[in-house]
Structures are given as structure tokens and as C-alpha cells.
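Undergrad: Below is the sequence, then the predicted model.
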Amino acid sequence: MGNYRHLMVFFCCCSIFFSTMDGIVQPVFHSHKSALFMMMDLKDRSIPVHVASLMVSVMAGCFGVIIYGIATLFIFRYFALERLGRIKYFDSHFLPLWFAVPIAGGTAWTLVSLIIFSHNPTSSEYIRESIRTSFGMDINQTAYIAAVFFPPDHNGEPRFSYQCGLGVLLNIAIMMVPFNIVIATGIKSVAKIKEFPTSDYGKDLQMQLYKALVAQVYV
């Protein structure tokens, strides 16, 4: 297992942090016409809006941390299976770099949410009535991140928001990296397990570890 256990501990800590943020933010997901948003109810909660907005963005960024963390685990498993010595790149002096990868992915997602999809007057007016009728909530007592793709212009006509379009493209780009890594290393790992020059028990054990890793993706 080697340093795999350290990666797993790091992944578990990230997951615990994600769960903690979910319990604190208690996010509400909703869509209205051309808008998708995640919000936090601030009623009876003494949290400043700018702090709550940051918390919502950080929670969104946690998704990026988890996906990049899973991709890192797939890389380790593949290096361990191919037995070409590349597992040395997970030695203790390289571990901080591997820990930094998920954090960087989550930070990028957080910044996109905070800068591009942040709380603003146009989005607030667009979703105000929907929030009131659907949840009985006042938009002024919420913090949110929202993608409003066709907000009304000064004449009331819907116009495509290039800012939201850019935000979606950035998030897709951020996610394509770990998704492609998971798919590529997953396929290669199965092929390596089938070639594994050990007993059937050894192959079964490696396949169980692989299936456990795949299950993490779905969970």
C-alpha cells in the first residue's frame, strides 16, 4: 500500500471538510427559467452576506477537491500496477505536491464561483420572485452563486450572458482534467490487472481495490 494510505487519509479529511461545509451551508439548489443557482438561507443566522457568499463558493469548490483527489488515487493505483518504478513519484518528499493538486483544483472552482457566479443585483432580481414563491425566502436574506444565462437587458429583452458562458467553459475545463485521468487510468488499470503475473487471489485483490476506487467516483 505504501503512501497510498496517506493519500486516503488526505482524501478522507477533504471529504469530512466537504460534509462539514454541507452541514453549515445547508445549500438549496434550484432552477428558474435560464438560471441555475445554489443558495444559503441567512434568516436567523448572524453571518454577513460576503462571508456566506464565500462559504457557498468554497463548498462548490469542495467538489473540485474531491474529483481531483479521486484522480490522484487512480494515478497511484495505475503506477502501482504497471510496476515500472513510477510509484517512486509518490514517495514522501513528493506527497505535498500530490496534496496540492486537489487543493488547486478546488481553489480554481471556488474562484470561478466567487468571481463569475457571485451575488449581484441582476441575478437577485431575476430569481427574487422564484425564491419567494418556491421557498418563502427573501433574496436579501440569502447568499448564493447563480448562473443566469439569459438575463433581461435594459429593455427587458433576454440577452445571452457571455460571463456565465465563460464560467461554464472554465468549470468544464477544470473538470475535464480529472475526468480524463480517471477514464484513462481506469481503463489501463483493468488491462494491467488482467495481465498481472500473480495468483488468481492476487488478481482478485487488485480488482477489489480497483472496484472500491470506482465506487468512490459514484459516491
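TA: Thanks, I have it.

Undergrad: Distance of the residue nearest the centre of the chain relative to A100?
TA: For the chain, F63 is the residue whose C-alpha lies nearest the centre (CA atoms, centre = their mean; 1.8 Å). Plainly put, F63 is 18 Å away from A100 if you go by CB to CB, to the nearest Å. Heads up, the C-betas are built off the backbone N, CA and C, glycines and all.

Undergrad: try P121
TA: Distance, P121 to A100, using CB to CB: 37 Å.

Undergrad: More neighbours: the two, which one.
TA: Set P121 next to A100 and count neighbours by other CB atoms under 10 Å: A100 wins out with 12 against 7.

Undergrad: can you tell me which helix or strand the more buried one belongs to?
TA: Counting by DSSP states H and E, the element that carries A100 is helix 95-115.

Undergrad: Return the distance of that helix from the chain's centre.
TA: Computed by CA atoms, centre = their mean, to the nearest Å, the separation of helix 95-115 from the middle of its chain amounts to 9 Å.

Undergrad: Tell me which stretches of the protein form helices.
TA: Assigned by DSSP state H, the helices in the chain fall at 4-25, 49-82, 95-115, 121-135, 162-194, 200-218.

Undergrad: Next, format those helices as CSV and append distance to S34 and mean pLDDT.
TA: Output for the helices of the chain, formatted as CSV (distance: least, CB to CB, whole Å; pLDDT from 0 to 100):
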stretch, distance to S34, mean pLDDT
helix 4-25, 24, 91
helix 49-82, 19, 91
helix 95-115, 18, 95
helix 121-135, 8, 90
helix 162-194, 9, 91
helix 200-218, 30, 69
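
Undergrad: Give me whichever of these is most buried.
TA: Among those, helix 49-82 has the highest mean neighbour count (mean count of other CB atoms under 10 Å), at a mean of 21.

Undergrad: And that helix, what does it pack against?
TA: Here helix 49-82 is seen to pack against helix 4-25, strand 35-41, helix 95-115, strand 142-148, helix 162-194, helix 200-218 when contacts are counted using 3 or more CB pairs under 8 Å, 6 or more residues apart in numbering; DSSP states H and E.

Undergrad: Could you tell me the angle between that helix and helix 4-25?
TA: Inter-element angle recorded for helix 49-82 and helix 4-25: 160 degrees (by axes from the mean of the first three to the mean of the last three CA atoms, to 10 degrees).

Undergrad: Tell me the gap between stretch 26-43 and the middle of its chain.
TA: Taking CA atoms, centre = their mean, one finds stretch 26-43 lying 17 Å from the centre of the chain it belongs to.

Undergrad: Now it: buried residues?
TA: For stretch 26-43, a neighbour-count test (16 or more other CB atoms under 10 Å) marks P27, V28, H30, H32, A35, L36, F37, M38, M39, M40, D41, L42 as buried.

Undergrad: if I pick the fifth one, what's in contact with it?
TA: When contacts are counted by CB atoms under 8 Å, 6 or more residues apart in numbering, A35 touches S123, Y126, I127, S130, A146, A147, V148, F149.

Undergrad: circling back to that earlier point, in a markdown table: the helices of the chain, plus distance to G156.
TA: Formatted as a markdown table, the helices of the chain follow (distance: least, CB to CB, whole Å):
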| stretch | distance to G156 |
| --- | --- |
| helix 4-25 | 33 |
| helix 49-82 | 27 |
| helix 95-115 | 27 |
| helix 121-135 | 11 |
| helix 162-194 | 19 |
| helix 200-218 | 44 |
